[in-house]
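Colleague: Kindly generate the corresponding structure for this input.
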Amino acid sequence: MNDAYLLIEQSKYLEGTLEVSGAKNAALPLMASTILTEEPCIIRNVPNLLDIKNMIELLSDMGKKIILENNTLYIEGPILNKETREDIVRKMRASVLVMGPLIAKYKSGKVSMPGGCSIGARPIDQHLKAAKKMGVNIDIEQGFINLSATHLNPIDFRFDMITVTGTENVFCMLSTVEQESFVRNIALEPEVINLVEALKQMGVFIEIDKLNRTASIKGTKYLKGFDIEVIPDRIEAGTFMVLALATGSKIKIVNLDVNHIESVLEKLEIAGAKVDILSPNSVLVYPKSDKINPLYIETLEYPGFPTDMQAQFMSLLSMADGESTIVENIFENRFQHAQELARMGACITIHSKTAYVKGVKHLKGAEVFSTDLRASAGLVVAGLMAEGKSIIRNIYHLDRGYDHIEQKLEKIGAKIKRINP
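Modeller: Predicted coordinates for the structure are as follows:
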């Protein structure tokens, strides 16, 4: 699997419709939350991705009965094994999301320290800090976190920094605590709100004050099953939009939620894209002229500009008419794609957490290596812009977060092929 690569040729003036899949980062916490109940849970619009397969394997290994058909997951049954398999956890950081549900439902668990992308430390100290405050005993040994509690206390807890998986884990931890708890400085990403909807269906009272980034939560001892749809993947939608401008194409993008990508739309329009909003779930994207304008971008927590769109914009801006500035505020190691773009002729200078991207007239095809999930999407964009042929290796990163992207792009005329040696 790891030897597969993408062969891409310059592809301009594409036309057609691209359909956005369900969001991996919404599906994974929903899957983990099924640990909270033995009742049947139904999760719809699930993307066909490596991380989803890994989470199915993880939950099945823990005892859950799981059926996946037509992008819908049916999950039920008790947890029989409260220890996560280290080999799965190493492949996927999101596996840490089983920690909160295990604490809430069983007051015990043994969770391997998480792995995933190579884009910074992303420690889970905030998750553990909240658990400790609730009365959970935590013992870390040989790469495993042993968790146990006799009683879970309500908390008034403030995150030291905004953390998406931290917020999701703590919401799940508190879902069986009947007294009111307050969680402050929470993440407000649409994926978090998708989980909140599921928890509400299960019987948890959660009220979100978005202005103050605060949640009040009252749990219940017995949690019901749920039936929920995974929200569209806003990052895949954003990637398709960038691709339209980068290749001078006219692309209709469907099955997205335009309310989730306002910060991306704003930057795209400044860069030179025309975005016609056809409905709350579909847009038409095409260039206003043949020029890409430079941008100033700072990544921020939602509703700010997403760090997961930074690499795709860097590729786009490598052929802008002028110099762009990208400030990465979320992860400390997320410019690894810059050196790969440089192999294609991009002119990028990195100083600490800021990248200066000086637009060039042409990119040239080259052999490049994916360093993380979104970097690989950025390289796909660059490959379609670059003259000649490009080879993108280590595309298992891409498969973790994009549902058959090469097949989708081929349908609208892109010269992109997956090669399995």
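Colleague: Now do the SS call for the residue nearest to K210 when sequence neighbours are not counted.
Modeller: Spatial nearest neighbour of K210, excluding adjacent residues (CB to CB, 6 or more residues apart in numbering): L188 at 5.7 Å. Where C-beta positions appear, they are placed from N, C-alpha and C, glycine not excepted. Secondary structure state of L188, per DSSP: H, G, I helix; E, B strand; the rest coil, is coil.
Colleague: Could you do L152 as well?
Modeller: coil.
Colleague: check contacts around it.
Modeller: Shown in contact with L152 (CB atoms under 8 Å, 6 or more residues apart in numbering): I103, A104, K107, M134, G135, V136, M173, L174, T176, V177.
Colleague: Residues contacting the lowest-mean-pLDDT helix or strand in the chain, please?
Modeller: Sorted by mean pLDDT, DSSP states H and E, the helices and strands of the chain end with helix 86-91, the least confident at a mean of 81. With CB under 8 Å, 6+ apart as the test, helix 86-91 has contacts from 54, 57-58, 61, 95-96, 111-116, 143-144.
Colleague: Please list the members of these that lie in helices.
Modeller: Judged by DSSP state H, the subset of the contacts of helix 86-91 located in helices is N54, E57, L58, D61.
Colleague: which one of these is nearest Q310?
Modeller: Closest approach between these and Q310, by CB to CB: N54, at 24.6 Å.
Colleague: The residue of the chain positioned farthest from its centre and G135: what is the separation?
Modeller: The C-alpha centroid of the chain is most remote from T150, which lies 34.1 Å away (CA atoms, centre = their mean). Taking CB to CB, to the nearest Å as the measure, T150 falls 8 Å from G135.
Colleague: and if you look at T37?
Modeller: Taken as CB to CB, the span from T37 to G135 is 22 Å.
Colleague: out of these two, which sits in the more crowded spot?
Modeller: T37 (22 against 15; other CB atoms under 10 Å).
Colleague: Which helix or strand contains the residue lying closest to the more buried one once chain neighbours are set aside?
Modeller: Closest residue in space to T37, ignoring its immediate chain neighbours: L223 at 4.5 Å, by CB to CB, 6+ apart. Following DSSP states H and E, there is no helix or strand that holds L223.
Colleague: Next: Q339.
Modeller: helix 337-343.
Colleague: which residues are in contact with that helix?
Modeller: Helix 337-343 is contacted from outside by 311, 314-315, 318, 346, 348, 350, 355, 363, 366-372, 375, 378-379, 382, using CB under 8 Å, 6+ apart.
Colleague: Same check on stretch 324-336?
Modeller: 118-122, 294-301, 307, 310-311, 313-314, 317, 350, 353-357, 359, 371-372, 375.
Colleague: returning to what we had before: let me know whether the residue nearest to T37 touches K200 as I believe.
Modeller: No - under the criterion of CB atoms under 8 Å, L223 makes no contact with K200, lying 10.9 Å away.
Colleague: returning to what we had before: just read off the phi/psi values of the residue farthest from the centre of the chain.
Modeller: Here is the backbone geometry of T150 (degrees, to the nearest 10): phi -100, psi -30.
Colleague: Check K358 too.
Modeller: Per degrees, to the nearest 10, the backbone of K358 is at phi -100, psi 120.
Colleague: Tell me how far it lies from N212.
Modeller: K358 is 41 Å from N212, by CB to CB.
Colleague: so which helix or strand takes in the closest residue to T349 other than its chain neighbours?
Modeller: Counting by CB to CB, 6+ apart, T349 lies nearest to Y356, which is 4.6 Å off, once chain neighbours are set aside. Y356 is part of strand 354-358 when elements are defined by DSSP H and E.
Colleague: by contact count, what packs against that strand?
Modeller: Contact analysis of strand 354-358 by 3 or more CB pairs under 8 Å, 6 or more residues apart in numbering; DSSP states H and E lists helix 310-317, strand 323-327, strand 347-351 as its packing neighbours.
Colleague: So which bits of that strand are buried?
Modeller: A355, V357 (16 or more other CB atoms under 10 Å).
Colleague: Parallel or antiparallel, which strands does it pair with?
Modeller: strand 323-327 (antiparallel), strand 347-351 (antiparallel) (DSSP bridges).
Colleague: contacting residues around it?
Modeller: Residues contacting strand 354-358 (CB under 8 Å, 6+ apart): 294, 314, 317-318, 320, 322-328, 335, 338, 346-350.
Colleague: Quickly note the distance from G203 to Y222.
Modeller: From G203 to Y222 the distance is 7 Å (CB to CB).
Colleague: So for the two, which residue has more residues nearby?
Modeller: G203 (18 against 9).
Colleague: what's the closest non-adjacent residue to the more buried one?
Modeller: T220 is the one closest to G203 (CB to CB, 6+ apart), at 4.6 Å.
Colleague: doesn't I206 make contact with the one you found?
Modeller: No - at 11.4 Å, T220 does not count as touching I206 under the criterion of CB under 8 Å.
Colleague: the more surrounded of these two?
Modeller: Comparing T220 with I206 by other CB under 10 Å, the one with more neighbours is I206, at 20 against 14.
Colleague: Let's verify that one: helix, strand, or coil?
Modeller: I206 - assigned by three-state DSSP - is strand.
Colleague: and what of the one 10 residues further on?
Modeller: The three-state label given to S216 by three-state DSSP is strand.
Colleague: so how far is A244 from it?
Modeller: For S216 relative to A244 (CB to CB), the value is 42 Å.
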